[in-house]
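Trainee: with the input below, show me the fold.
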Amino acid sequence: VDNTFYFPGWSVYIDGKQTDIQYQDPDYRGIITFNVPMSQHNIEVKFGKTKVRKFADYISIGFLTISFIGLIISRKKNKV
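Mentor: Numbering: from 1, shown residues only. Coordinates of the predicted model:
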């Protein structure tokens, strides 16, 4: 059990290999749970970007770029 609420984008790696995540366990509803074989393992829980999150980032970058260009153009017009 990793004491983190599941949200799309979370991944669990056991010894560098991605493993399945469960989050509907009745004892840990919504919490990330996963099966680990007996013995010592290196476990990593990572949050990555989903397709929707990447798309939203591109929209934000585009909007900021357009806003910056608009600001530069409006300042040039005001100087004339």
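
Trainee: so what pairs up with residue 33 in the strands?
Mentor: Each beta-bridge partner of residue 33 is listed here: residue 22, as defined by DSSP bridges.

Trainee: tell me where this structure has strands.
Mentor: Counting by DSSP state E, residue ranges of the strands within the chain are 2-5, 10-14, 17-19, 31-32, 43-47.

Trainee: in the second one, which residues are buried?
Mentor: So that's strand 10-14. Buried residues in strand 10-14, counting neighbours by 16 or more other CB atoms under 10 Å, are found at 10, 12. (C-beta placed from N, C-alpha, C; glycine too.)

Trainee: partners of it in the sheet?
Mentor: Each strand that strand 10-14 pairs with, and the sense of that pairing, follows from DSSP bridges: strand 17-19 (antiparallel), strand 43-47 (antiparallel).

Trainee: want to try TSV for the ones you listed, with distance to residue 34 as columns?
Mentor: Conversion of these to TSV gives the following (distance: least, CB to CB, whole Å):
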stretch	distance to residue 34
strand 17-19	5
strand 43-47	8
